[in-house]
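J.: Pasted the sequence and its predicted model underneath.
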2 protein chains.
Amino acid sequence: LKKKMLIKEIGEFKLIERIKKQLAKGYNLPKSYKPIVVGIGDDAAVVETEPDKLLVATTDILIEDIHFDLKTTSPYDLGWKLLAVNLSDIAAMGATPRYGLVVLGLPVNTSVETVDNLIHGALDLAKKFKVFLIGGDTVTSPDKLVVNLVLWGTVPRDRVLKRSGAKVKDKIMVTGTIGDSSAGLEILQTLKAHTKTSWARKLINKHLLPYPRLQEAGLMARRKLVHGMIDSSDGLSISLKFICQASRVGAKIWADKIPLSRELRCYADFAGRAAYSYALYGGEDYELIFTVPADKEEKIKRLLQKFSDTRITTIGEIVPAQKGLTLVDNNGKITELKTGGYEHFSPS
Amino acid sequence: LKKKMLIKEIGEFKLIERIKKQLAKGYNLPKSYKPIVVGIGDDAAVVETEPDKLLVATTDILIEDIHFDLKTTSPYDLGWKLLAVNLSDIAAMGATPRYGLVVLGLPVNTSVETVDNLIHGALDLAKKFKVFLIGGDTVTSPDKLVVNLVLWGTVPRDRVLKRSGAKVKDKIMVTGTIGDSSAGLEILQTLKAHTKTSWARKLINKHLLPYPRLQEAGLMARRKLVHGMIDSSDGLSISLKFICQASRVGAKIWADKIPLSRELRCYADFAGRAAYSYALYGGEDYELIFTVPADKEEKIKRLLQKFSDTRITTIGEIVPAQKGLTLVDNNGKITELKTGGYEHFSPS
């Protein structure tokens, strides 16, 4: 068995050179690609700006044993997810992603192969959306793996999609299905490998390899059909609360309209929980939640049907602020929607 | 004694609101400050771009027990340094800093006061350079405090200062004095409080509260007097190696020309080490190292003298690549300059 090479055997600067070469090969750009004026290997990266467009910037950090467990997450998947969660934020603003910086905090016994695979995962997703990783920072971490990504994109001023744009009587819509990711995480944390059926695998994949809704958000932003938008990283109920707070409105959600996958229903039966509770209170689906004027509902459905395979579903409507955030259950009973979801260092 | 409030008692979202208010109060901007289209509290931050300027982006992460020790670094100092190290990278590109994102990985028992003070330190330095902190990410960390800052700025295309610009016969110059920071760190790590004399305090301050050379770099970039530039974050010898590699040149340094502070000389005597070894092999001074055409040497000295208090010193000259990187000692003896310095997970 060949011993794996460790990062402490090659040191920071050789590791950076290695990443630089891996990215250059992956992108296969001409040696001087004009929009990137200075890439990896200087004090900072330098790129051209796009006149008349706004700049959109986001950053999401993932820390071992908080956001991921290396026993259940491969380095490739981690790299993919690191980029995916940031792409989702750029998507939710209606913007186009452009450039990223990668920050790696690595325990000294990390293998070079781990770093290669992590970059590989991020690069594979980056290439799908023409995002260039052009710099970052590489440091030692005492014990936990820490990865952070910074992402920049651009958006014309009249296409910015904020959380604060929702208006009373808007329909509330979502992409894809909700709740799969948190069910997938639960499976990873509780079930043994031999119990991982095909539905379990699908839920796990949604957790490990989320696919950001850039194409869908881009379509809607270009047509100016959307009032308010957020990504569902913190779960449906908290995301709705954020939209309502920012827009100073309320919302009414029909529990039986929330799009749940067949796989989630299977697992929820197995786990003995209501399937929609995964959607309401679980996070990390990275779907889009958005509000549209009632008379645009059909138009937007047709648009998405025409240009993408992604299902979109109306789950409720925006109401005046004083009506609060409510859930209509399967029997028509209206209750206040508890806004749990994932919150860091949350008071219980 | 009043018990300190912990972040786990208020949770992530209230903490973000708190930071948002602290920053708003600190900057005292009008409620709608036009260049910031979307600030803290959406999926991503959105700002105006500056047409005809390039975008410069950098990120530096600091991890507890690798980059800082909370027994010797206050949260205020940590916040200051977090911004300072990133500002130094922007300075070394000849650029003007504009916006930052702050990433905090916090152990659940972190006090709210610690976060307040950390933001306070970053904000105090940010205000000096008109940098706006407009977003970020706040998460739990299992045990170590992790802080990351993302900074971007702008620069006209013809003012970008790269590492690769050095030319044979250029003079090599540096700002300030070199080696103070690593001596300061050594004092923090080894000496008891009662031995901390005034010279010790000054060296420690240089380590804890570095002041980025933005004004100086800006002056030189605007006059187009500089060929190649880098900041001295990794120590003089490694920084010189980077310039030489990027520019495909060599360099010859005179040991007795390296600007050393009176305080460093005092400490080096006390520690029984050659003072200039702190400059060559110690890092984190965040001074500028740059090369200028020989006939501009005096002009640049006069310029800096006129507009700033910062001393600049010629320490050597650029030579052809085949002559390598050499050090001329006090007796005129020429030896190869060993390029040690701080390298993460360095092979020994």
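T.: Received the coordinates, thanks.
J.: give me phi/psi at whichever residue of the stretch 201-348 of chain A sits closest to chain B?
T.: Closest contact between the stretch 201-348 of chain A and chain B, by C-beta to the nearest C-beta, is at A:H344 (4.0 Å). The way it works is simple: take the backbone N, C-alpha and C, and place the C-beta from them, glycine included. Per-residue torsions, A:H344: phi -70, psi 150 (degrees, to the nearest 10).
J.: That one: what's it in contact with?
T.: A:H344 makes contact with A:I66, B:G11, B:E12, B:L106, B:T138, B:V139, B:T140 under the criterion C-beta atoms under 8 Å, 6 or more residues apart in numbering or on different chains.
J.: most surrounded residue in these?
T.: Most neighbours among the contacts of A:H344, by other C-beta atoms under 10 Å in any protein chain shown: B:L106, with 25 neighbours.
J.: so that one makes contact with B:D143?
T.: No. Look at B:L106 against B:D143 with C-beta atoms under 8 Å: they stay out of range, at 10.7 Å.
J.: Could you find the closest non-adjacent residue to the most centrally placed residue in chain A?
T.: Among the residues of chain A, A:V85 comes closest to the average C-alpha position under C-alpha atoms, centre = their mean, at 3.1 Å. Distances taken as C-beta to C-beta, 6 or more residues apart in numbering or on different chains place A:D60 nearest to A:V85, at 4.7 Å, with adjacent residues excluded.
J.: ok, and the one you found, which helix or strand is that part of?
T.: Using DSSP states H and E, A:D60 sits within strand A:53-63.
J.: cool, and A:L260?
T.: Counting by DSSP H and E, no helix or strand carries A:L260.
J.: For burial, what's the neighbour tally of the closest residue to it other than its chain neighbours?
T.: Nearest non-adjacent residue to A:L260, counting by C-beta to C-beta, 6+ apart: A:A275, 4.9 Å away. Neighbour count of A:A275, defined by other C-beta under 10 Å: 19.
J.: And for A:P35?
T.: Residues lying near A:P35 (other C-beta under 10 Å) number 14.
J.: Contact partners for it?
T.: By C-beta under 8 Å, 6+ apart, the contact set of A:P35 is A:V47, A:E48.
J.: Tell me the pLDDT of the closest residue to chain B within the stretch 151-300 of chain A.
T.: Minimum separation of the stretch 151-300 of chain A from chain B (C-beta to the nearest C-beta) falls at A:R163, amounting to 5.2 Å. Listed pLDDT for A:R163 reads 96.
J.: how about the closest residue in space to it that isn't next to it in sequence, what does it touch?
T.: Of all residues beyond its chain neighbours, the one nearest A:R163 is A:A246 (3.9 Å), with distances taken as C-beta to C-beta, 6+ apart. Contact partners of A:A246, counting by C-beta under 8 Å, 6+ apart, are A:K162, A:R163, A:S164, A:A166, A:G228, B:G41, B:D42.
J.: same deal with A:V47?
T.: Listed by C-beta under 8 Å, 6+ apart, the contact partners of A:V47 are A:P35, A:I36, A:V37, A:R98, A:Y99, A:I134, B:L54, B:L55, B:A57.
J.: In a helix, it, correct?
T.: No. Counting by DSSP: H, G, I helix; E, B strand; the rest coil, A:V47 falls outside a helix, being strand.
J.: hmm, back to that, for the residue nearest to A:V85, give its distance to B:R265.
T.: As judged by C-beta to C-beta, to the nearest Å, A:D60 and B:R265 stand 46 Å apart.
J.: more neighbours, those two?
T.: Shown here are A:D60 and B:R265; by other C-beta under 10 Å, A:D60 has more neighbours (25 against 16).
J.: That one contacts A:D89, correct?
T.: Yes. Counting by C-beta under 8 Å, A:D89 is a contact partner of A:D60 at 6.9 Å.
J.: Parallel or antiparallel, which strands does the strand holding A:D60 pair with?
T.: strand A:146-156 (antiparallel), strand B:45-48 (antiparallel) (DSSP bridges).
J.: Okay, and the beta partners of A:K53?
T.: Beta-bridge pairing of A:K53 under DSSP bridges involves A:P156.
J.: Let me know how buried it is, in neighbour terms.
T.: By other C-beta under 10 Å, the residues close to A:K53 number 19.
J.: Now do the contacts for it.
T.: A:T154, A:V155, A:P156, A:R157, B:T49.
J.: per-residue pLDDT, the third one?
T.: Predicted confidence (pLDDT) for A:P156: 96.
J.: circling back: is the residue nearest to A:R163 located within a helix, as I assumed?
T.: Yes. Under three-state DSSP, A:A246 falls within a helix.
J.: wait, A:Y267 sits on A:S198?
T.: No. A:Y267 is not in contact with A:S198 according to C-beta under 8 Å; the separation is 11.4 Å.
J.: More neighbours: those two, which one.
T.: A:Y267 (25 against 8).
J.: excluding its backbone neighbours, what's nearest the more buried one?
T.: Ranked by C-beta to C-beta, 6+ apart and with sequence neighbours excluded, the top spatial neighbour of A:Y267 is A:A183, at 5.0 Å.
J.: Next: A:S74.
T.: Once flanking residues are discounted, A:S74 sits nearest to A:N117: 6.9 Å by C-beta to C-beta, 6+ apart.
J.: ok, and what's touching the strand or helix carrying that neighbour?
T.: Using DSSP H and E, A:N117 maps to helix A:112-128. With C-beta under 8 Å, 6+ apart as the test, helix A:112-128 has contacts from A:4-7, A:9-10, A:15, A:18-19, A:22-23, A:26-27, A:74-84, A:87, A:100, A:102, A:104, A:106, A:131-133, A:147, A:149.
J.: Pull out the buried residues from those.
T.: Using 16 or more other C-beta atoms under 10 Å in any protein chain shown as the burial test, the contacts of helix A:112-128 include A:6-7, A:10, A:15, A:18-19, A:22-23, A:26-27, A:74-84, A:87, A:100, A:102, A:104, A:106, A:131-133, A:147, A:149 as buried.
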